[in-house]
Structure formats: structure tokens, C-alpha cells
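Enquirer: sharing a model prediction with you, sequence too.
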Amino acid sequence: MGWNLTASPPGSGRTTAMVELARAACSDGKRVWWVGLPAQRAYVLHELTADGATVLGLEFMSSQQMFYRLLTHANRIQPMLVGSAALVRVAEAMRRVTGSLPNPGEAHLFSRAIAEAKRHGVTADAYGALAADEEQRRLAAVFSAYEELKGAWDYDDVRMTAADLAQAGELTCEADLVIVDGLREVGPLDLALYRALAEQVEVHVNVDRVPPGVAPTTEARPPWPVTYERYVAPNPVSEARWVMRSLKRDLVMGGFGPL
């Protein structure tokens with residue numbers, strides 16, 4: 001239907017453009033998914049409903065919630081590893097490989113390495129084929145043992161499965177417009193999913209920098225001009241008082257209550 005990738009710095013008006021796009025889609029009776037960070041939810045909804053605008057049909061969700069929604073709709077969801085369960089499975093895998101329990105820092109390091117590999121769509125077998133030294137072969141062995149022991153999906157399995165199913169045309173998007181805005185980064189699996197969804201619906205992805213190997217479809221917007229003012233306080237107490245006073249002033253001038 002439509003693939004749109006914009007790469008421009010913060011403060012360049014990307015979100016403002018997406019707000020207008022979402023409003024227009026809702027006015028036409030379309031369903032809109034706005035994918036962003038949970039902390040941005042209140043701000044985005046405030047901007048969307050400013051001036052009394054109505055945005056019926058719009059849902060704000062995190063990328064994780066979107067993956068779950070797509071897989072649930074396709075009836076392909078499985079039990080999940082929650083909390084620190086994935087870290088525990090990595091520790092068990094390291095014990096199987098080395099014969100002794102790792103220290104917490106080492107288990108955490110291996111857990112992050114495995115998650116980073118899977119975030120880029122690299123399987124345990126693929127990583128094992130790439131391992132070139134003893135430490136990499138050790139990680140490959142732990143990676144393989146972890147996949148055997150985990151007994152459920154981790155979050156990266158959700159990403160990989162959703163991306164694979166979307167590229168195979170086996171996922172159906174319930175929305176008519178998908179907007180991805182405000183994320184710190186968009187990983188390879190996420191990007192593959194969004195591009196596959198663009199075969200069904202209109203998709204707009206906004207990023208700060210262009211991901212490797214991907215070309216933007218929209219010309220970068222220049223950042224809005226910003227004027228910086230610097231002040232020097234005589235001591236930390238005076239600085240803290242100045243900051244709090246300025247924050248309260250700006251909030252009240254912006255229409256917010258002091259609390």
C-alpha cells in the first residue's frame with residue numbers, strides 16, 4: 001500500500017506532520033496504530049486531541065504490543081519467558097556448557113550478547129558458523145544450549161516470528177495506517193516487519209538516522225532553529241532554585257497547572 005521512511009533529527013517537525021496525518025485518517029473513518037515509547041503516550045494523545053479534535057479509531061501502543069497483537073490475531077502466539085526467566089535460562093545454558101555456574105555479571109553479559117544476535121535475526125546455528133575464535137565458539141555453544149533449554153519464547157523470538165510471518169504474507173494488519181514515531185532506534189527485524197506490513201497498509205516510520213542498507217523515501221527535514229541561553233549560578237542551591245522556578249513558569253505559561 002505505501003512505505004514511507006523519514007530520517008531527520010529531533011525537532012524537525014516529524015511528529016507534528018504525523019499528528020496531522022493521523023487526524024486526517026481518523027476523520028475518514030480509518031483505524032490508526034501509533035507505535036512509540038510508553039512514556040510518549042500522554043504527549044502524543046495530548047497533541048492529537050488539541051483544539052478539541054476527535055481521533056476515534058486510533059490506538060497508541062509500544063512495538064512489543066504491536067508484535068503481540070499481530071501474532072495473536074494470526075493465532076500464532078506462544079508462552080513467554082517473563083521477568084528474569086531468560087537470564088536464568090542463559091545461566092543454565094552456561095552451566096551445561098562449562099560445567100559450573102557463572103557469576104551474575106557473566107550471565108548477564110552472555111544474555112545481552114544472545115539478545116543482540118537475535119535482534120539482528122541471527123540464529124544459534126548461523127552464529128556458530130560465524131564463530132572464529134575460542135570465546136565466540138563458547139558463546140555459540142551457550143547460545144545453542146539456551147535455545148534448547150528455554151522452553152518458551154523470549155521477546156526476540158516474538159520479533160523474529162512476526163517478521164518471518166509478515167514477509168511470508170501470513171500476518172494481517174487490522175489498521176489502515178501505521179505510524180512509528182519517537183523510538184530510540186528501529187532494529188532490523190522491526191524494519192523488516194514494517195516493510196512487509198507496507199504491502200497491506202500505509203506505513204510511516206520516522207527515525208533519527210537511516211538504518212544501514214536502507215534508503216529514506218522522504219527528504220530529511222531540517223531541525224527547527226533553537227536558541228540556547230547559558231547561566232552561571234553562584235552555588236548549587238541557587239541553581240536548583242532557578243531551575244525549579246523556570247520549570248514552574250514554563251508549565252504555567254504552557255497551560256498546565258502548577259501541580
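Expert: Yep, it's here. Numbers count the residues shown, from 1 in each chain.

Enquirer: state whether residue 89 is indeed within a helix.
Expert: Yes. Membership of residue 89 in a helix is supported by DSSP: H, G, I helix; E, B strand; the rest coil.

Enquirer: that one and residue 44, how far apart?
Expert: 35 Å (Cβ to Cβ, to the nearest Å). All C-beta spots, glycine's among them, are computed from the backbone N, C-alpha and C.

Enquirer: ok, residue 136 next?
Expert: 42 Å.

Enquirer: those two: who's more crowded?
Expert: Applying other Cβ atoms under 10 Å to residue 136 and residue 44 shows that residue 44 carries more neighbours, namely 21 against 14.

Enquirer: okay, and that one sits in which element?
Expert: Using DSSP states H and E, residue 44 sits in helix 41-48.

Enquirer: contacts only, for residue 5.
Expert: 205, 207, 210, 214-218 (Cβ atoms under 8 Å, 6 or more residues apart in numbering).

Enquirer: if any of the residues you listed are buried, give me the ChimeraX selection for them.
Expert: The ChimeraX selection below is limited to those of the contacts of residue 5 classed as buried (16 or more other Cβ atoms under 10 Å):
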select :205,207,216
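
Enquirer: which stretches of the protein form helices?
Expert: 14-27, 41-48, 63-73, 85-98, 104-119, 124-130, 134-149, 155-167, 188-197, 236-253 (DSSP state H).

Enquirer: now the angle from the fourth one to helix 104-119?
Expert: Spelled out, it's helix 85-98. Calculated by axes from the mean of the first three to the mean of the last three Cα atoms, to 10 degrees, helix 85-98 forms an angle of 100 degrees with helix 104-119.

Enquirer: in helix 85-98, what counts as buried?
Expert: In helix 85-98, counting by 16+ other Cβ under 10 Å, buried: 86-87, 89-95, 97.

Enquirer: try the shortest one
Expert: For helix 124-130, the buried set under the neighbour-count rule, 16+ other Cβ under 10 Å, comprises 124, 127.

Enquirer: quick one, what contacts residue 108?
Expert: residue 87.

Enquirer: quick check: buried residues in stretch 19-30?
Expert: Under 16+ other Cβ under 10 Å, the buried positions of stretch 19-30 are 19, 21-23, 25-26, 30.

Enquirer: now do stretch 75-83
Expert: Buried residues in stretch 75-83, counted by 16+ other Cβ under 10 Å: 77, 81.

Enquirer: show the average pLDDT along it.
Expert: The pLDDT scores in stretch 75-83 average 87.

Enquirer: my read: residue 175 touches residue 34, true?
Expert: No. Using Cβ atoms under 8 Å, residue 175 is not in contact with residue 34, being 9.5 Å away.

Enquirer: neighbour count: those two, which is higher?
Expert: Shown here are residue 175 and residue 34; by other Cβ under 10 Å, residue 34 has more neighbours (26 against 23).

Enquirer: for that one, give the beta-bridge partners.
Expert: residue 60, residue 179 (DSSP bridges).

Enquirer: residue 2 too?
Expert: Beta-bridge partners, per DSSP bridges, of residue 2: residue 202.

Enquirer: what count of nearby residues applies to it?
Expert: 13.

Enquirer: so it sits right up against residue 199, yeah?
Expert: No. Contact criterion Cβ under 8 Å: residue 2 and residue 199 do not qualify, at 9.5 Å.
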